[in-house]
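Asker: got a predicted structure here, sequence first:
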Number of protein chains: 2
Amino acid sequence: MIRLTFILFCCAIINAQPSTADKNQLKQFYDLALLEGHSYEWLDYLANRIGSRLSGSLGAERAVAWTKSELDSLGLDRVYLQPVKVPKWVRGSKEFALIETAPGITFNVPITALGGSVATPSVGLKAPVVEVQSIADLAIIGRENIEGKIVFYNRPMQANLISTFQAYSGCVDQRYDGAREASEYGAVGVIVRSMNLRLDDFPHTGSMSYGEQDVSKRIPAAAISTNAAEKLSYLLKLEPKLKFLFRQQCKTYPDVWSDNVIGEIKGSEFPDEIIVVGGHLDSWDLGDGAHDDGAGVVQSMEVLRLFGKSGYRPKRTIRVVLFMNEENGLRGGNAYANSALANNEKHIFALESDAGGFTPRGFSFNCSDEEFAQVESWKPLFKPYLIHYFEQGGSGADVRPLKNKYNVLAGLRPDSQRYFDHHHAENDTFDAVNKRELELGAATMTSLIYLYDKYGLVNPVPSTLKQ
Amino acid sequence: MIRLTFILFCCAIINAQPSTADKNQLKQFYDLALLEGHSYEWLDYLANRIGSRLSGSLGAERAVAWTKSELDSLGLDRVYLQPVKVPKWVRGSKEFALIETAPGITFNVPITALGGSVATPSVGLKAPVVEVQSIADLAIIGRENIEGKIVFYNRPMQANLISTFQAYSGCVDQRYDGAREASEYGAVGVIVRSMNLRLDDFPHTGSMSYGEQDVSKRIPAAAISTNAAEKLSYLLKLEPKLKFLFRQQCKTYPDVWSDNVIGEIKGSEFPDEIIVVGGHLDSWDLGDGAHDDGAGVVQSMEVLRLFGKSGYRPKRTIRVVLFMNEENGLRGGNAYANSALANNEKHIFALESDAGGFTPRGFSFNCSDEEFAQVESWKPLFKPYLIHYFEQGGSGADVRPLKNKYNVLAGLRPDSQRYFDHHHAENDTFDAVNKRELELGAATMTSLIYLYDKYGLVNPVPSTLKQ
């Protein structure tokens, strides 16, 4: 029985050999992207002329206006803004920090406030330091060793994990929850080792949360560069009574209005079946957000541009969505999904590019086994482009709220080795993006969107999903 | 019949499921490389402390001495030098070039002499320019349009080829043969567009040859940066009578002695079966040769170091060979192969890393179909490390002379997208190499060597290959 199933399975695979038309269509997309692509020029503008784009900032609003006007110029069927209320957290003056091993003996170290953190007192916060490897350590060492101190979370990303995103997931609780947890043990501040696999001098910011914690208990939190984390840890062994001083002036303001930027090509046969491709328009305020997620933004715009240039008229509605506020709120992703549900829009497939502009390796799919079997049958089409990674798993933060039990979500998976060298840091800049790698990503995304447009899902999404 | 063969084929694949021991061994290699690797530190020294290492230069000799002493420190069974006579070409003072569109109206442009080229007259060479797209164009436009002019070869690398090495192969005849061919039509000099897919300001050197051409007919040849090539081409359209002036002082000296550096672990069961892993120790004299081929050198050394650290005792003899003079002569590769033949050494497998220190994607194999089937059966072992590219094709320039009809040669195939941004140019520097990517390459090489050590070839190599 197993043997028969296996033979049938082999036959199914043989039957699913991709057509010559599909091969040729993919070749055209890759040729257009590599020979006449526009994504790199767009990224140059977004990164170098607009720069960082934290939600609520002038940069974010300029990015909204500029991407809308670029989409307008593509001759799409519809381009519009979707208002969304976003948090507004402002860093203020550059942070300052030093290690004091004895009165007058100090070492300056690079830090950056975590997004959402409160400020220190205006003269700074100075306290002894206790180093821990995890939030769980807090309970072990106890309040008596934490009260009045700065907690220093120093668990590094695990270097022997091949996926750097997995290494990130294994550490980021220190950054996100570390301050709230340490405060419960009487800590006065928190310093977190940057989420970076390299030893260098860039502190990496990122979101943190106090949850529902009372305002009186909220303590300031900052990230320290990996080199400085190593130094602090070393000095603590020599001088456990050393003190750490840091000063940051960040502040949370009331929410403000911003927008998701949306453009679409209306489907010629099934206009009510919507395919989304997107990235997030906001970035952290360090660097210029070239990889995170300028790359995803321009690649997503390029998908629609390549459809136009290729002359291929989609059967289904292809929509680019540039989401606002992925970094510190996900308000754009949630607003888009809520609106889709309210308007009874049928989203059959959504693809996000939010893992950097590096050489694409494939996709991760959030879908049923049956839908996954379909996409796996397309894999041979991608072999000439060295796209080999098709796995079930997550998709992207912004598209995730669109998930229902019928549709398929996916995330582009570029090579991840260099990503966290730049992530949320001052060196996430245009020059770290390679033109060809960026363009290959755009062509790979366009190819997958094309296949979903042409073949749809194995099992159709019902016409209404509303409860 | 086809059906039966297919079922048998499927069964064969199922039977070849890799063992848990192999899985664990690969995991140990990857863990060691990523957690306690030494390749990056070695590369730092080789690139930053020694620097460029053109054959016959002081840098090359320092690299020989230093790598030998590092191999000595690994506690191998044998470390030795293999003398090899190499060409000695010296660049002299930095080159100078300008475009003169009218008397007194000039634009400086970055050029670099091609390796092996003769000098210009000491005051420089100034002549009108004729632009061509290929060597074949010379015959078409004819001597009357070439005589007394500088031929400007401007065919760019083809951007829509996914393999940048393929794009390189499609262009490099302009650099290697361009001067010799143009001289036959009376050209006085040659300028070649750099072998670079990016538009930037770095001229890329590389080898050229006059073949057996009479010394009196040899004309100087230089590469021009891609940006300057675009500018020259544009200006030629505006002013076809413009002149180009360049000056270079390069010179070929008599051959000098240098060495291949060799270290080995003697096989415990089949010491006469030799497995080679290597890269080339020489580099061009621009930049510090970090990718080409510092990466291959330190990765190859790391293979033997990882064997030592892992506690795995090889059954066959594992030999690291750091070849001298790949760039402009291949004398090291030829000398090693000649010596192997003379001493009746039985080389069953040789692997070269000479395609940059980027994220490894797999290997290219020069072998019979039967041997290829064996290595394909090992492919699942590499999946956790995202190694997916196993194809029949070339190996590496230095190991190629070892080929016979029995053995297997292979080349590491890293991601190629960024390689020609740096290849043979001033920006082939240590900072362009990512530590993890380099280490992943070393672990991937070690894993393949381990499998060949453990399982040997499908068909044994006869005990004598001498004619």
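Answerer: Great, that's in hand.
Asker: the residue in the stretch 251-400 of chain A that chain B sits nearest to: neighbour count?
Answerer: As assessed by C-beta to the nearest C-beta, chain B sits closest to A:His388 within the stretch 251-400 of chain A, at 4.0 Å. Every C-beta, even on glycine, is put in place using the N, C-alpha and C of the backbone. If you count neighbours by other C-beta atoms under 10 Å in any protein chain shown, A:His388 ends up with 17.
Asker: excluding its backbone neighbours, what's nearest it?
Answerer: Take A:His388 and drop its neighbours on the chain: the residue closest to it by C-beta to C-beta, 6 or more residues apart in numbering or on different chains is B:His388, 4.0 Å away.
Asker: got phi/psi on that neighbour?
Answerer: Phi and psi for B:His388, reported as degrees, to the nearest 10, are phi -130, psi -10.
Asker: pull the contacting residues for it.
Answerer: Going by C-beta atoms under 8 Å, 6 or more residues apart in numbering or on different chains, B:His388 touches A:386, A:388-389, B:361-362, B:379, B:382.
Asker: separation between the residue of the stretch 251-400 of chain A closest to chain B and B:Pro401?
Answerer: As judged by C-beta to C-beta, to the nearest Å, A:His388 and B:Pro401 stand 32 Å apart.
Asker: try A:Ala443
Answerer: Using C-beta to C-beta, we find A:Ala443 at a distance of 39 Å from B:Pro401.
Asker: which one's more surrounded, these two?
Answerer: Set A:Ala443 next to B:Pro401 and count neighbours by other C-beta under 10 Å: A:Ala443 wins out with 29 against 18.
Asker: quick check, pLDDT for that one.
Answerer: Predicted confidence (pLDDT) at A:Ala443: the value is 98.
Asker: test my guess that it contacts A:Pro384.
Answerer: No - contact criterion C-beta atoms under 8 Å: A:Ala443 and A:Pro384 do not qualify, at 11.3 Å.
Asker: I'd say A:Trp89 and A:Cys250 touch.
Answerer: Yes - the criterion here is C-beta under 8 Å, and A:Trp89 meets it with A:Cys250 at 6.6 Å.
Asker: the nearest residue to A:Arg247 once chain neighbours are set aside: how many residues sit nearby?
Answerer: In this structure, A:Arg247 finds its nearest non-sequential neighbour in A:Gly124, 3.6 Å apart by C-beta to C-beta, 6+ apart. Neighbour count of A:Gly124, defined by other C-beta under 10 Å: 17.
Asker: what residues are up against whichever residue of the stretch 201-350 of chain A sits closest to chain B?
Answerer: Here the residue of the stretch 201-350 of chain A nearest chain B is A:Thr226; by C-beta to the nearest C-beta that distance is 12.2 Å. Going by C-beta under 8 Å, 6+ apart, A:Thr226 touches A:156, A:193-194, A:196, A:198-200.
Asker: what do you get for A:Glu391?
Answerer: A:362-365, A:413.
Asker: from A:Ser55, how far off is A:Leu281?
Answerer: Taken as C-beta to C-beta, the span from A:Leu281 to A:Ser55 is 9 Å.
Asker: I meant A:Glu70, not that one.
Answerer: 20 Å.
Asker: neighbour count winner among these two?
Answerer: A:Ser55 (31 against 19).
Asker: helix/strand/coil for the more buried one?
Answerer: At A:Ser55 the chain is in coil, as set by DSSP: H, G, I helix; E, B strand; the rest coil.
Asker: does it touch A:Trp257 like I think?
Answerer: No - if you go by C-beta under 8 Å, A:Ser55 and A:Trp257 don't touch, sitting 10.7 Å apart.
Asker: got a ChimeraX select line for the buried ones in the contacts of A:Thr226?
Answerer: To isolate the buried ones among those in ChimeraX, judged by 16 or more other C-beta atoms under 10 Å in any protein chain shown, type:
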select /A:156,193,194,196,198,200
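Asker: wait, what's in contact with the residue nearest to A:Tyr419 when sequence neighbours are not counted?
Answerer: Closest residue in space to A:Tyr419, ignoring its immediate chain neighbours: A:Gly356 at 4.4 Å, by C-beta to C-beta, 6+ apart. When contacts are counted by C-beta under 8 Å, 6+ apart, A:Gly356 touches A:291-292, A:295, A:414, A:416, A:418-419, A:422-423.
Asker: now A:Ala337
Answerer: Residues counted as contacts of A:Ala337 (C-beta under 8 Å, 6+ apart) are A:401-402.
Asker: look up which helix or strand it falls in, please.
Answerer: Here A:Ala337 is covered by helix A:331-342, with elements defined by DSSP states H and E.
Asker: now that helix, how far from the centre of its chain.
Answerer: Distance, stretch centre to chain centre, for helix A:331-342: 18 Å (C-alpha atoms, centre = their mean, to the nearest Å).
Asker: swap in stretch A:195-213?
Answerer: Using C-alpha atoms, centre = their mean, the offset of stretch A:195-213 from its chain centre is 14 Å.
Asker: alpha carbons only: can I get that stretch in CSV?
Answerer: The C-alpha trace of stretch A:195-213 is given here as CSV (Å, rounded to 0.1, in the frame of the first residue of the first chain):
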residue,chain,number,x,y,z
MET,A,195,20.7,41.3,18.9
ASN,A,196,23.7,40.9,16.6
LEU,A,197,25.8,37.9,15.8
ARG,A,198,28.9,40.0,15.1
LEU,A,199,31.2,41.7,17.5
ASP,A,200,31.1,45.3,16.6
ASP,A,201,30.3,48.8,18.0
PHE,A,202,26.7,49.3,16.7
PRO,A,203,24.0,49.2,19.3
HIS,A,204,20.7,47.7,17.8
THR,A,205,17.4,49.1,18.9
GLY,A,206,14.0,47.4,18.6
SER,A,207,10.7,47.3,20.3
MET,A,208,10.2,46.6,24.0
SER,A,209,7.0,46.6,26.0
TYR,A,210,5.9,47.4,29.6
GLY,A,211,2.6,45.6,28.9
GLU,A,212,0.0,46.8,31.4
GLN,A,213,2.6,47.6,34.0
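Asker: ok, and for that stretch, which residues are buried?
Answerer: So, applying 16+ other C-beta under 10 Å, buried residues of stretch A:195-213: A:195-198, A:200, A:202-210.
Asker: sitting in helices, which of those do you find?
Answerer: Among the buried residues of stretch A:195-213, no member falls in helices (DSSP state H).
Asker: with respect to B:Asn325, which of these is nearest?
Answerer: Nearest to B:Asn325, judged by C-beta to C-beta, of those is A:Arg198 at 34.1 Å.
Asker: contacts only, for the closest residue to that closest one other than its chain neighbours.
Answerer: Leaving aside its chain neighbours, A:Arg198 sits nearest to A:Asp421 (5.2 Å; criterion: C-beta to C-beta, 6+ apart). With contacts defined as C-beta under 8 Å, 6+ apart, A:Asp421 is in contact with A:196-198, A:200, A:427, A:432, B:434.
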